[in-house]
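Q: Turn this into a model:
(one chain, ligands or ions: 1)
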Amino acid sequence: MKQFNQILFLIVIVVPTVIAVKGVDLSASFNNFSCIKNAGYQFAIVRGYMSYGAADTVGLQNLRNAKAAGLIGDAYFFPCKGKKTASAQVSEFESVFTSEYGTVWIDVEYNPSTGCGWSTSDYSGNCQFLQDIVRELGNRGRLVGIYASQYQWSTIMGSASSCAYFTSKPLWYAHYDNSPSFSDYSKYSFGGWSTPSIKQYQGDTTLCNVGVDLNFY
Ligand SMILES: *[C@@H]1O[C@H](CO)[C@@H](O)[C@H](O)[C@H]1NC(C)=O
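A: Residues are numbered from 1 along each chain as shown. Model (predicted):
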């Protein structure tokens, strides 16, 4: 009984510290990830594919720098719907990033680049295009997740509940309440996911002299 109580005690004190893993995502060229690590962050998500339709070689260098500093390295993929097929974009990304990252997160948000915007009327086409990107990466054996917010998903897919075809993939959602906690998710859910995997809780801030967003899981 004494041992049992000690085990319970350990579980109670260990779990809250273990689950709060914080990280950054960024697009600017950067080479001081040890500063970010020393500030208490453990992962970096670099830009892998740019909104106008090209792989990001600066992002690859960022990924290598982040991993060399001891951070976990993922990439995000901002697809361009309109200029190139899903297959062509994934091929371009693959030829630059190969298998150097952990998970590639597909960025589902307003795309301002000319000729690359999500359709404002063809929601099923937007959903199909996202499925194509995910399938192409899956065919290459990559780990794929989805990044979006409830607002962006609703705007691009037609409603919060639409296009619920990715619930077997991890969700990285954005809600800038400055709170590294998932407790808000039930109010900001979308796409059929009941549980998120990562939250982007603060956007457009500066850490170690570089522009980043802050995330947690
Ligand atoms: C990295 O950041 C640390 C902490 O801010 C700073 O002391 C150091 O000079 C920086 N290194 C480079 C190469 O910028």
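
Q: Quick check: nearest residue in space to residue 125, chain neighbours excluded?
A: residue 119 (5.4 Å; C-beta to C-beta, 6 or more residues apart in numbering). Just so you know, the C-beta spots here come from the backbone N, C-alpha and C atoms, and that holds for glycine as well.

Q: my guess is that neighbour meets residue 128, correct?
A: No. Judged on C-beta atoms under 8 Å, residue 119 makes no contact with residue 128 at a distance of 10.4 Å.

Q: mind checking how far residue 155 is from the ligand?
A: As for residue 155, its distance to the ligand is 38 Å (criterion: C-beta to the nearest ligand atom, to the nearest Å).

Q: Relative to residue 48, how far out is that residue?
A: 23 Å (C-beta to C-beta, to the nearest Å).

Q: For this protein, what lies in contact range of the ligand?
A: 32, 35, 208 (C-beta under 6 Å from any ligand atom).

Q: who has more neighbours, residue 155 and residue 48?
A: residue 48 (26 against 18; other C-beta atoms under 10 Å).

Q: wait, doesn't residue 207 sit right on residue 39?
A: Yes. Look at residue 207 against residue 39 with C-beta under 8 Å: they come within range, at 6.2 Å.

Q: Could you check which of these two is surrounded by more residues?
A: Neighbour count, other C-beta under 10 Å: between residue 207 and residue 39, residue 207 has more, with 16 against 11.

Q: and the more buried one, backbone torsions?
A: phi -140, psi 130 (degrees, to the nearest 10).

Q: what's the pLDDT at it?
A: If you check residue 207, the pLDDT there is 98.

Q: returning to what we had before: the residue nearest to residue 125 sits in which helix or strand?
A: When elements are defined using DSSP states H and E, residue 119 is found to belong to no helix and no strand.

Q: May I ask which helix or strand encompasses residue 76?
A: Here residue 76 is covered by strand 72-77, with elements defined by DSSP H and E.

Q: Who are the packing partners of that strand?
A: Packed against strand 72-77 by the contact rule (3 or more C-beta pairs under 8 Å, 6 or more residues apart in numbering; DSSP states H and E) you find strand 43-50, helix 57-68, helix 86-97, strand 103-107.

Q: Mean pLDDT and distance to residue 113 for those - can I get that in TSV?
A: Shown next, in TSV, are those (pLDDT from 0 to 100; distance: least, C-beta to C-beta, whole Å):
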stretch	mean pLDDT	distance to residue 113
strand 43-50	98	8
helix 57-68	98	16
helix 86-97	98	13
strand 103-107	98	12
